[in-house]
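Engineer: no sequence on this one, just coordinates:
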């Protein structure tokens, strides 16, 4: 579920992530054969899509 390379992107820094959670996220990414960055983008995209589907967030254009 990667985005096209021509799509603009932003750099996000997330501070305050508990060490245990960071380790679990890295392990989950490895289980799927992905980098942590790719795994996080996929996971965040799926979450936002779910919120849009439920009508909590407006759908992207």
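Structural biologist: All right, it came through fine. Because the structure is predicted, anything quoted here is derived from the model rather than measured.

Engineer: CA only for contacts and neighbour counts going forward, please
Structural biologist: Noted.

Engineer: On the pLDDT front, check residue 6 for me.
Structural biologist: At residue 6, the pLDDT value in this model is 68.

Engineer: Whatever helix or strand residue 49 lives in - contacts with which helices or strands?
Structural biologist: Element membership of residue 49 [criterion: DSSP states H and E] is helix 36-53. Helix 36-53 sits against helix 19-31, with contacts defined as 3 or more CA pairs under 8 Å, 6 or more residues apart in numbering; DSSP states H and E.

Engineer: Report the rounded mean pLDDT for the helix it packs on.
Structural biologist: The predicted model assigns helix 19-31 a mean pLDDT of 98.

Engineer: Next, the angle helix 36-53 makes with it.
Structural biologist: Taking axes from the mean of the first three to the mean of the last three CA atoms, to 10 degrees, one finds helix 19-31 and helix 36-53 inclined to each other by 90 degrees.

Engineer: Show me what helix 19-31 is packed up against.
Structural biologist: Applying 3+ CA pairs under 8 Å, 6+ apart, one finds that helix 19-31 makes contact with helix 36-53.

Engineer: follow-up on the earlier one: mind listing what's buried along the helix holding residue 49?
Structural biologist: 36, 39-40, 48-49 (16 or more other CA atoms under 10 Å).

Engineer: Identify the farthest-apart pair in those residues.
Structural biologist: For the buried residues of helix 36-53, with distances taken as CA to CA, the pair at the greatest spread is 36 and 49 (19.7 Å).
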